[in-house]
Every structure is written in structure tokens, then in C-alpha cells.
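J.: sequence first, then the predicted structure:
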Protein chains: 2
Amino acid sequence: MTDTEERKRGGGARLVYDTLRDEILDLALQPGEPVDEAGLADRFAMSRTPVREALVRLAGEGLVTMLPNRSTVVSQIDFPNLYAFFDALTLMYRVTTRLAAEFHTDADLHIIRARQATFAKAVMAGDTAAMITRNRDFHAAIAEAGRNPYYTPLFIRLLDEGRRILRLYYYPAFAPQDPHPYITEHEAIITAVAARDIPLCDRLAKDHADRIVQQIQAMIAADRRQPITL
Amino acid sequence: MTDTEERKRGGGARLVYDTLRDEILDLALQPGEPVDEAGLADRFAMSRTPVREALVRLAGEGLVTMLPNRSTVVSQIDFPNLYAFFDALTLMYRVTTRLAAEFHTDADLHIIRARQATFAKAVMAGDTAAMITRNRDFHAAIAEAGRNPYYTPLFIRLLDEGRRILRLYYYPAFAPQDPHPYITEHEAIITAVAARDIPLCDRLAKDHADRIVQQIQAMIAADRRQPITL
DNA sequence: CCCGCAAATCTTGTCGACAAACTTTATGCA
DNA sequence: TGCATAAAGTTTGTCGACAAGATTTGCGGG
């Protein structure tokens, strides 16, 4: 935690941004929790200026909310509108996979397969947290292959927000299935993308998204705690 | 231009952000043009700090690009990927209109109809520039009625980027048609939204988007200048 | 005349400080 | 005691200044 190394010029804001982003998505910083500029400046051993820049960027992505003349707080998870989240997530799964089928190159497929291998390892190991981030990386690679710079950032934001939502619940233990449905579904998606079969990609992506949404909803339903907004 | 009024605390960055955003979308600041912090600070009679905050926000939306240790420049219009723009624009037209049909309230309809009236006035007056912004406002209202906070900002960004693209070309003179297709299409959309007819909304939105895309492409094709990237 | 290197200039990234606005604590009055 | 008001204490928004990095200018050699 004590990083006494001197940072490169311009690396300050980046460091704070990356660190805070990760802590917010991991719920190390809980929704509603105030984020003190001076405290962060002290923690990262830098001035308030780069800290502030990081906060402005995080606010632009909706991860924090800067209340004018008041403290910055970690944004709440929008539970009343979870439907909107699932709707957008499913749509992005579909369109990015479709576009990947259309526009991917061999290099893209290489990256996608590598991500899938890493994802499979996380699933085999039963590491749910790693599985979530690796699933994100896998689909981010597919989105990149689709070459639509408007969809990709939104999709990544949605996948990250999904990580944040899932962190709220206890991860269920994995039943070590082999082959695991997630893995086989990913493999099917890769095959369909490589074959440039757009309708099939659309169907597979929708099924994949539906399964994930269903899983999340099941976890929420299983958890009797009602989300309370402060 | 000489605003000697003293600004409210916190209004500095907002003023710079709004002004620059508008100037970028109107091409008063051309793509690739460097944006000097000190110059802006001088122009708005404030320190570089709020100027920098505005630039960071604009960079977050992709309107400017901050080169590390180098000047900030107005982002280029991504001509090689115009297809991606049209694809995303059309999709957002469709999904926001669909969702509006599903989730709108009477208050939403009120706002939408008001925006449509303003839009119609711009069309009648043959004011192409106003027509573009009013069309944006109209569809932004529909997106708001759809109540999906993930789609709405993306859609607004796309509509604004469309304004920027259209500014590149000479606006064709309006043939004063009455009733004008754009107006009647909007009216049809309003009726379909009010009737909560989702499939009809989807079809109307797609047709509307296709018409607009076609119009933009026609303007680009009519203009023989090849977009040159510096 | 052209090319490469060094000095000068410019722009950005960061810092510490100060003032405005908000929050909390203390005080006075009913 | 309860409440409104005032004082003290935080926290943010803004400022001017300085240093690191990049760009331009100037100079010398080929």
C-alpha cells in the first residue's frame, strides 16, 4: 500500500482513476460512500489536482456523483431500473457479437480465443470473481472485433456495472460441471463469429445474455434483503 | 463576447464546457484544431483549473482528445467508420422509440408534443440548422420517456455527432413541402408511442432513421470533396 | 543549401494556498 | 427542553506559480 515510487508526469490521475474504478466495482467503496479529495490526495501522496481530474472522469462514466460544493459520493446502483440495465446489456451482447461476425479479422479471433482460454481457466477453478472479469474481457474482445466505437464503451460500462451488482450477493459455489454451459456457449459463439453466421451469432448472444440475466435475477430473488436506498 | 459578470462558484467549468461543446458541434472549432488551456482561461477570464475540468469532461465524451504533455485537440470525425455511426444511430432510434411506447407517461407525451411543435416550426421556416437541433430535442424527449439511462446519453451523443457531420456540408435549400415528410413521420411516431404499439414504433423509427441516414449519405455523395485526415 | 544538435520558448501537469459554501457545534432565548 | 441563530470547522472551487516535457528557433558543420 505504501508506494514511495515517484510517478511519471501525467500518471497521477490515471493511477487514481484506475484504483478508484476498481475499488468501486469491487464494492470496496460502497454506493453512497463519500469520496474525500483531500483524503485521496493524502493516500496517493499527491496533490488534490490529479485526484480531482480522476473524479471528474469517474463522474463522466457515472461511477461517482459530484454534488456541487458538497462531497463526491459513489453512485448508487439503480435497482428500480434494473430492467433497463438488463435490456441494454442484452442488446449490447447481441449487436457486438453480430458485428464481430461481420468485421472480425484473424488477429481478432486470436485475441478472442486467448481470452476464452483464460475465462475457461477461471470457470474450471471455480473462481467466480475471476470468471466475471474474464467474461468481461472475452466479450470486450468481441466488441472490439465488431469495430463500432459507439457500442464498445457502453458495453464495457454495462459489463462492469454487472460486476458491481453481482458483488452485492454471495457468489454461489460452482458445481464443477465439465463441460460447463458458459464455456460451451462461448465456444459456440466463437465458432459462429468465425463462420460469419450473423443470425446464429444473434441467437447465441441472446441466449447467452438471457442465461446471465436469469442467473443474476435468481441471485437477487434468492437474497431476501431488500435494496434500501439511503 | 466580453462578459464581465462575476460567475457563481462552480459555474466556471460548466460555462466552458457548454460553450466549447457547442462550438465543437457547430464546427466553430474544427476537427484537429488545438485547444489551448491558457488561451481559454484568458478568454473566459478565469484560471486554467476550471478550463481543464471542462476539457477532461469533453475528452470523456470523445469530443476532444488530450494528448499527454501535448496540446488538446478537437477530435476528428471518424469518416472511415461512418457505417458504425449510422448503425448505432439507427439502433438507438429504434430502441428508444420502442421503450417510449412501453414506458411513457402523459407528462412525457406533453413534452414530446411540445418539442414536435418547435421542430415543425423550424421545418416550416426552412431553417436547416434549427431543424437538426430540434429533431435532436424531439428524440431526446422520446428517449427520456423510454426511461433507459444507458441508451439516452449514447443517443444524444450520436445525434450531436450527426449535427457535427452535417455542418461539414452545405445545407440544401428546403423545398417548402406541406405537409413535410419529416413532420408527418414525427406525428406518426407520436401516435404510435401514445398507442403503445411497439412493433409499429420499431418500424416507424427504423424508416425515420433510414431516411435520415440516406439523406446524410446523399449529401456526402453529392459533395465531391474527399475527407482528408491530417 | 540541407541536416543535426543545442538553446530558447511554450504548454502542460502538479503543487500549495486561499476563499466560498456547506456542515457541525455551540450558544441564547422562549 | 426545544428551537433558532451564530460561531467554528470542513470540504470544495479557484487561483497563481513552478517544473517537466515538448515544440520551435538558432547555430554550426557538412
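T.: Perfect, I can see it now.
J.: so what's residue A:109 closest to, chain neighbours aside?
T.: Of all residues not flanking residue A:109 in the chain, residue A:194 sits nearest, at 5.9 Å (CB to CB, 6 or more residues apart in numbering or on different chains). For every residue, glycine as well, the C-beta is placed using N, CA and C.
J.: all helices of chain A, in order?
T.: A:11-25, A:37-43, A:48-60, A:82-103, A:106-124, A:128-146, A:151-167, A:181-194, A:198-222 (DSSP state H).
J.: out of those helices, which is closest to residue B:46?
T.: Smallest distance to residue B:46 across the helices of chain A (CB to CB): 15.6 Å, for helix A:48-60.
J.: hang on, the earlier thing: reformat the helices of chain A as TSV; add mean neighbour count and mean pLDDT.
T.: As requested, these are exported to TSV (neighbours: other CB atoms under 10 Å in any protein chain shown; pLDDT from 0 to 100):
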stretch	mean neighbour count	mean pLDDT
helix A:11-25	18	95
helix A:37-43	14	95
helix A:48-60	21	97
helix A:82-103	21	97
helix A:106-124	16	96
helix A:128-146	21	95
helix A:151-167	20	95
helix A:181-194	18	95
helix A:198-222	16	92
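J.: can I get the ones you listed in TSV including distance to residue B:92?
T.: Formatted as TSV, the helices of chain A follow (distance: least, CB to CB, whole Å):
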stretch	distance to residue B:92
helix A:11-25	26
helix A:37-43	35
helix A:48-60	19
helix A:82-103	10
helix A:106-124	25
helix A:128-146	16
helix A:151-167	10
helix A:181-194	24
helix A:198-222	18
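J.: columns distance to DNA strand C on top of those, output as JSON lines?
T.: JSON lines is the format used below for the helices of chain A (distance: least, CB to the nearest atom of the strand, whole Å):
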{"stretch": "helix A:11-25", "distance to DNA strand C": "3"}
{"stretch": "helix A:37-43", "distance to DNA strand C": "7"}
{"stretch": "helix A:48-60", "distance to DNA strand C": "4"}
{"stretch": "helix A:82-103", "distance to DNA strand C": "29"}
{"stretch": "helix A:106-124", "distance to DNA strand C": "29"}
{"stretch": "helix A:128-146", "distance to DNA strand C": "25"}
{"stretch": "helix A:151-167", "distance to DNA strand C": "21"}
{"stretch": "helix A:181-194", "distance to DNA strand C": "38"}
{"stretch": "helix A:198-222", "distance to DNA strand C": "32"}
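J.: quick one: contacts for the spatially most central residue of chain A?
T.: For chain A, residue A:160 is the residue whose C-alpha lies nearest the centre (CA atoms, centre = their mean; 1.9 Å). Going by CB atoms under 8 Å, 6 or more residues apart in numbering or on different chains, residue A:160 touches A:25, A:136.
J.: could you do the one 5 residues further on as well?
T.: Under the criterion of CB under 8 Å, 6+ apart, the contact list for residue A:165 reads A:77, A:82, A:85, A:216.
J.: for residue B:112, see how far away the third one is.
T.: Applying CB to CB, to the nearest Å, the value for residue A:85 to residue B:112 is 24 Å.
J.: near DNA strand D, which residues of chain A show up?
T.: Contact residues (CB under 7 Å from any atom of the strand) of chain A with DNA strand D: A:8-9, A:34-38, A:48-49, A:52, A:66, A:68-72.
J.: right, and residue A:190 touches residue A:113 too?
T.: Yes. With contact defined as CB atoms under 8 Å, residue A:190 reaches residue A:113; the gap is 6.5 Å.
J.: next one: residue A:216 from residue A:164, what distance?
T.: 12 Å.
J.: kindly report the same for residue A:217.
T.: With CB to CB as the criterion, residue A:217 and residue A:164 are 16 Å apart.
J.: what separation do you get for the residue nearest to residue A:109 and DNA strand D?
T.: Remark: distance between residue A:194 and DNA strand D (CB to the nearest atom of the strand, to the nearest Å) = 40 Å.
J.: so residue A:152 sits against residue A:141, correct?
T.: No. Using CB under 8 Å as the test, residue A:152 is too far from residue A:141 to be in contact (10.2 Å).
J.: residue in chain A nearest to chain B?
T.: residue A:60 (3.5 Å; CB to the nearest CB).
J.: who touches that residue in this structure?
T.: B:56-57, B:60-61.
J.: and with 6 Å instead?
T.: Residues near residue A:60 by CB atoms under 6 Å, 6 or more residues apart in numbering or on different chains: B:57, B:60.
J.: same thing with the one 5 residues further on?
T.: Taking CB under 6 Å, 6+ apart as the contact definition, residue A:65 lies against A:73, A:75.
J.: who is it paired with across the strands?
T.: Residue A:65 has the following beta-bridge partners by DSSP bridges: residue A:73.
J.: state the distance from it to residue A:31.
T.: 10 Å.
J.: one more: residue A:139?
T.: Residue A:139 is 24 Å from residue A:31, by CB to CB.
J.: same thing with residue A:61?
T.: 15 Å.
J.: who has more neighbours, those two?
T.: Between residue A:61 and residue A:31, counting by other CB atoms under 10 Å in any protein chain shown, residue A:31 is the more crowded of the two (21 against 17).
J.: doesn't residue A:76 make contact with that one?
T.: Yes. Between residue A:31 and residue A:76 there is a contact under CB atoms under 6 Å: 4.6 Å.
J.: out of everything not next to it in sequence, what's closest to residue A:71?
T.: Here the residue nearest residue A:71, using CB to CB, 6+ apart, is residue A:34, at 4.2 Å.
J.: for residue A:140, which residues are in contact?
T.: Contacts of residue A:140 (CB under 6 Å, 6+ apart): residue A:156.
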